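*Asks:* Need the 3D shape of this:
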Amino acid sequence: MAVTRVELAGRSYEVRVASGLLADVARQCDGLLRKKVVPIITDLNVAHHWRETVATSLEAAGHEPHFLTLDPGEGSKSWAVLERVMDWLLAEEVERGDHILALGGGVIGDLTGFAAAILKRGCGFVQLPTTLLAQVDSSVGGKTAINTSAGKNLVGAFHQPSLVLADLDSLTTLPPREMGAGYAEVIKYGILGDPAFFDWCEANGSKVMAGDQAALEYAVDQSVKAKARIVAEDERETTGARALLNLGHTFGHALEAETGFSNRLLHGEGVALGMVLAARYSARRGYISDGDAVRITAAIASAGLPSEISALGLTCSGQKLASHMLHDKKMDAGTLPFILLRGIGKAFVDKQVELADVAAFLGEQLASQ
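*Replies:* The predicted structure follows:
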């Protein structure tokens, strides 16, 4: 088992990476589950594969698992579903000292974490991430949120979990496209701050995608360690260090918005294509070489991830894509900082980018389809 401690003042917690953690969830959560009844929030897809495993472990330890099963997908990160979750938790008589289990991918983790943050002004929760993307990114660091009509993740709170259990067995049930979406966040850590890890991803990406256990554990553990370091340095994204984790996200969220936050473009796929665009835009501004941009594009494409806007079949203008960025939660005093590159492993925050120039760049990318 690989264990990483996220070091925060008075609120440190462990991220454990191994196979078999869901089957051992009761023992892993020892000391956190203080009541017989254990509230668990999940979705239909995850419940099909893992509900019985989790329930068996809890029941063997004398607990009574109570499940709230939601529809899968981004549609559940809404005001209406949040209200349903809150009403259910209150009916379950969850108290501030209790822990809710979030069994699922990023949607379930974000929604459950936000509910835990606001229920009675804050109660505990445990992340049980079942997708690669959630294991290496959204389950670690305490960002919780729901979506609104204005954009993605615009209503939320920083609320750290008490424990994260990343069970590699859960990845065996993922379709290849979901694995690819998660792998985008893995390779991101190499591109933004660790050129040696990027080299490793270039050489071992196919093993990760094929489900090789040793490669998976290394990829997840290294990603978690990278994120833990950044979160410990800048928990609430105030110093600029944590902002680097948004590499690819500003471009990616604009593409997600244009495709209606639908299955046309999964979040991880949007991040992958966003990193390609960030690399090309960095080259356009003279920060990195064209060769570095090509290398990043090739590494992303080799994992089966979208690396060209043409894959989306968009008919909009560059200005239309750039307009989606006006709703970005990182907007500050009318300026939107962009995460760009000075080389592979050398991401930085650029606050001097003009949105009109980004629109022109995106127009060029669309014209080259």
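
*Asks:* and the helix or strand containing A80, what does it pack onto?
*Replies:* A80 is part of helix 79-91, with elements assigned from DSSP states H and E. Identification of packing neighbours for helix 79-91 by 3 or more CB pairs under 8 Å, 6 or more residues apart in numbering; DSSP states H and E yields strand 37-43, strand 64-70, helix 106-118, strand 143-148. Quick note: C-beta positions are derived from backbone N, CA and C, even for glycine.

*Asks:* looking at these, which is buried most?
*Replies:* helix 106-118 (a mean of 25; mean count of other CB atoms under 10 Å).

*Asks:* can you map out the strands along the stretch 251-369 of the chain?
*Replies:* Secondary structure of the stretch 251-369 of the chain, counting by DSSP state E, counting those that start in this stretch: strands at 338-341, 347-350.

*Asks:* follow-up on the earlier one: give me the contacts around the helix holding A80.
*Replies:* Residues outside helix 79-91 that contact it (CB atoms under 8 Å, 6 or more residues apart in numbering): 39, 41, 68, 70, 75, 100, 111-112, 114-115, 118-119, 146, 148.

*Asks:* how about stretch 187-202: buried residues?
*Replies:* 187-194, 197-198, 200-202 (16 or more other CB atoms under 10 Å).

*Asks:* Now do the helices in this protein.
*Replies:* Per DSSP state H, the chain carries helices over the ranges 25-28, 44-60, 79-91, 106-118, 132-133, 176-193, 195-210, 213-233, 249-258, 267-284, 290-302, 318-324, 355-367.

*Asks:* Among the ones you listed, which comes closest to P161?
*Replies:* Smallest distance to P161 across the helices of the chain (CB to CB): 6.8 Å, for helix 106-118.

*Asks:* For the closest residue to D221 other than its chain neighbours, list each beta-bridge partner.
*Replies:* Computed as CB to CB, 6 or more residues apart in numbering, the closest residue to D221 that is not its neighbour in sequence is A2, at 3.9 Å. Beta-bridge pairing for A2 (DSSP bridges): V17.

*Asks:* picking that back up, quickly compare the strands of the stretch 251-369 of the chain and say which is most buried.
*Replies:* Highest mean neighbour count among the strands of the stretch 251-369 of the chain (mean count of other CB under 10 Å): strand 338-341, with a mean of 24.

*Asks:* So what touches stretch 31-39?
*Replies:* 26, 58, 62-66, 68, 88-89, 92, 94, 97-101, 124, 126, 162-163.

*Asks:* Could you work out the end-to-end span of it for me?
*Replies:* Distance across stretch 31-39, first residue to last, is 15 Å (CA to CA, to the nearest Å).

*Asks:* and what of stretch 311-318?
*Replies:* Calculated as CA to CA, the first-to-last residue distance of stretch 311-318 is 16 Å.

*Asks:* what comes up buried for that stretch?
*Replies:* Within stretch 311-318, the residues that count as buried by 16+ other CB under 10 Å are L312, L314, G318.

*Asks:* residues in contact with that stretch?
*Replies:* 255, 258-259, 264-265, 273, 306, 321, 358-366, 369.

*Asks:* Go again with 6 Å.
*Replies:* Identification of contacts with stretch 311-318 by CB atoms under 6 Å, 6 or more residues apart in numbering yields E258, A359, L362, G363, L366.

*Asks:* what does stretch 141-155 give?
*Replies:* For stretch 141-155, the surrounding residues in contact (CB under 6 Å, 6+ apart) are 77, 82, 110, 113-114, 117, 156-160, 227, 231, 253, 327, 329.

*Asks:* Would you mind writing the CA trace of that stretch as CSV?
*Replies:* Below are the C-alpha coordinates for stretch 141-155, written out as CSV (Å, rounded to 0.1, in the frame of the first residue of the first chain):
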residue,chain,number,x,y,z
GLY,A,141,-7.3,18.7,-1.8
GLY,A,142,-10.8,19.6,-0.5
LYS,A,143,-12.3,21.4,-3.4
THR,A,144,-16.1,20.7,-3.4
ALA,A,145,-18.7,22.3,-5.6
ILE,A,146,-21.8,22.0,-7.7
ASN,A,147,-22.6,23.4,-11.2
THR,A,148,-25.0,26.2,-12.1
SER,A,149,-26.4,27.6,-15.3
ALA,A,150,-23.6,30.1,-15.3
GLY,A,151,-20.9,27.5,-15.3
LYS,A,152,-19.1,24.6,-13.7
ASN,A,153,-18.1,24.5,-10.1
LEU,A,154,-19.1,28.1,-9.4
VAL,A,155,-20.8,27.3,-6.1
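
*Asks:* tally of neighbours for the nearest residue to G20 once chain neighbours are set aside?
*Replies:* Once flanking residues are discounted, G20 sits nearest to D169: 6.3 Å by CB to CB, 6+ apart. Here the count is done by other CB atoms under 10 Å, and D169 has 17 residues near it.

*Asks:* Please report the distance of D169 from A214.
*Replies:* Relative to A214, D169 is positioned 14 Å away (CB to CB, to the nearest Å).

*Asks:* cool, and D71?
*Replies:* 35 Å.

*Asks:* for L21, same thing?
*Replies:* Distance from L21 to A214, counting by CB to CB: 17 Å.

*Asks:* just S139 next, same as before
*Replies:* Distance from S139 to A214, by CB to CB: 21 Å.

*Asks:* related to what we said a few turns ago, is it possible to export the strands of the stretch 251-369 of the chain to TSV including mean pLDDT and distance to R34?
*Replies:* As requested, those are exported to TSV (pLDDT from 0 to 100; distance: least, CB to CB, whole Å):
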stretch	mean pLDDT	distance to R34
strand 338-341	97	41
strand 347-350	95	42
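
*Asks:* Understood, closing this out.
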